[in-house]
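Peer 1: sharing a model prediction with you, sequence too.
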Amino acid sequence: MIDNKTIVLTGASSGIGFEVLKLLAAGKGNRILAVARHVDNIKYFADNVTAFSCDISTQEGVDRVFAKAEELFGKIDLFYANAGFPYYEEFNYTDWDRVDAMFRTNTISPIYTYAKYIQHLNGRPGILAYTVSAIGEMAMPGYAIYSSSKFALNGFQQAIRLEKPDNLQITCLYPIATDTNFFKVANAVEFEKPFPVQKPSVVARKMVEGIESGKERVSPSGLFGLSKVLMGVVPPVRTVYWKMETAKLERFKKKLAVYHDRLQGNVRAAVDKGREVGETLIEKERELRRDLDEKASKVRDDIKDKFHEL
Ligand SMILES: NC(=O)c1ccc[n+]([C@@H]2O[C@H](COP(=O)([O-])OP(=O)(O)OC[C@H]3O[C@@H](n4cnc5c(N)ncnc54)[C@H](OP(=O)(O)O)[C@@H]3O)[C@@H](O)[C@H]2O)c1
């Protein structure tokens, strides 16, 4: 159990981060700054947890997190950069903003956090934890940008270990598919998750144990380690696995095409309906005008008649 620590945890509102938050909050004497953009569900989580709404994908965001933690705790014993998000897609577009957002959140922010944390520690002992991903070691079809953002983070942690000061422990988590909001964020249209899928509570427990025992890497699924070895020794196994995942992407593309057709059909139907309603309103307005004109001319005739009678 991790006890008597001052802790920053990003991505604390959901999934793996939320399960880690539960474990850390239960530790004796821990004080935690729990960060996410939306913190309504963790605002009143526990007395030793301060929820902090912040977007960590920007330099200013990370600076704000450090400033808040320093104001609350003075020193940070453990900084867990867990926040991240994927996008499941066929990569065939030129949307700079989406690529930029994914790299800023998944890669650049944790790298910047390392530099800030080293300065913050100033020689004191500290622990930096990262949630990388199994996909950061083995690419998958449908996750080209996400995979590359996690490969980059994995490369960074490997390199920086060789030059980091001794006072810093770095522990990295490599989850396989885990049943969190991850797959809802990844696309509005449902798709097949990679196989197999783990529970976030199991992943979180293994990570907290790994941090506590000073591990460099935590691979919560034994199967991933085994399959990596197997795929290294018998490469066709990897080819078969990738073929299965590529077939999933193909099925997803077909589903997406149906979804877009339906969406376009709905838009067309809404436009037709709007046009129909518009035409009915114009006709109604014409009728009302005719009616008013008739009534006005009748009133004029009546006034004329009355005038002649006088
Ligand atoms: N689930 C999987 O299969 C899987 C597998 C391998 C690795 N991972 C990694 O595990 C980590 C946690 O993901 P999860 O599976 O637990 O997904 P999740 O349930 O969607 O949780 C993501 C968390 O990150 C926060 N977050 C996202 N962008 C943020 C930003 N710009 N600023 C601050 N907070 C942000 C989210 O809160 P807000 O949206 O409110 O900000 C949420 O608390 C991620 O790094 C992910 O890449 C997940």
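Peer 2: Perfect, I can see it now. Numbering: from 1, shown residues only.

Peer 1: for the rest of this, base every contact and every neighbour count on C-alpha atoms.
Peer 2: Fine.

Peer 1: now the helix or strand containing E19: buried residues?
Peer 2: Assigned by DSSP states H and E, E19 belongs to helix 15-26. Neighbour-count burial for helix 15-26 flags 15-25 (criterion: 16 or more other Cα atoms under 10 Å).

Peer 1: export it as CSV, just CAs?
Peer 2: Extracted in CSV, the C-alpha atoms of helix 15-26 (Å, rounded to 0.1, in the frame of the first residue of the first chain):
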residue,chain,number,x,y,z
GLY,A,15,-11.4,4.4,-15.9
ILE,A,16,-7.9,3.3,-14.8
GLY,A,17,-7.3,6.7,-13.1
PHE,A,18,-10.5,6.5,-11.1
GLU,A,19,-9.6,3.0,-9.9
VAL,A,20,-6.1,4.2,-9.0
LEU,A,21,-7.7,7.1,-7.1
LYS,A,22,-9.8,4.8,-5.0
LEU,A,23,-6.7,2.8,-4.0
LEU,A,24,-4.5,5.8,-3.3
ALA,A,25,-7.2,7.6,-1.3
ALA,A,26,-7.5,4.5,0.9
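
Peer 1: is the ligand within reach of stretch 207-226?
Peer 2: No: judged by Cα under 6 Å from any ligand atom, stretch 207-226 makes no contact with the ligand; its nearest approach is 10.3 Å.

Peer 1: in its sheet, what does the very next helix or strand once past the helix holding E19 sit against?
Peer 2: The first helix or strand that comes after helix 15-26 along the chain, using DSSP H and E, is strand 31-36. Here strand 31-36 has these sheet partners by DSSP bridges: strand 6-10 (parallel), strand 49-53 (parallel).

Peer 1: strand 31-36 near the ligand at all?
Peer 2: Yes: interface with the ligand: strand 31-36 contributes A36 (Cα under 6 Å from any ligand atom).

Peer 1: next one: that strand to chain centre, how far?
Peer 2: Chain-centre distance of strand 31-36: 17 Å, with Cα atoms, centre = their mean, to the nearest Å.

Peer 1: mean confidence for it?
Peer 2: Averaging pLDDT along strand 31-36 gives 98.

Peer 1: neighbouring contacts of that strand?
Peer 2: For strand 31-36, contacts defined as Cα atoms under 8 Å, 6 or more residues apart in numbering pick out 4-13, 21, 24-25, 42, 48-56, 65, 69, 73, 83.

Peer 1: alpha carbons of that strand, as PDB, please.
Peer 2: Output in PDB follows, covering the C-alpha atoms of strand 31-36 (Å, rounded to 0.1, in the frame of the first residue of the first chain):
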ATOM      1  CA  ARG A  31      -3.100  13.600   0.100                       C
ATOM      2  CA  ILE A  32      -4.100  13.600  -3.600                       C
ATOM      3  CA  LEU A  33      -4.600  16.300  -6.200                       C
ATOM      4  CA  ALA A  34      -7.000  14.500  -8.600                       C
ATOM      5  CA  VAL A  35      -7.000  16.100 -12.100                       C
ATOM      6  CA  ALA A  36      -9.300  15.900 -15.100                       C
END
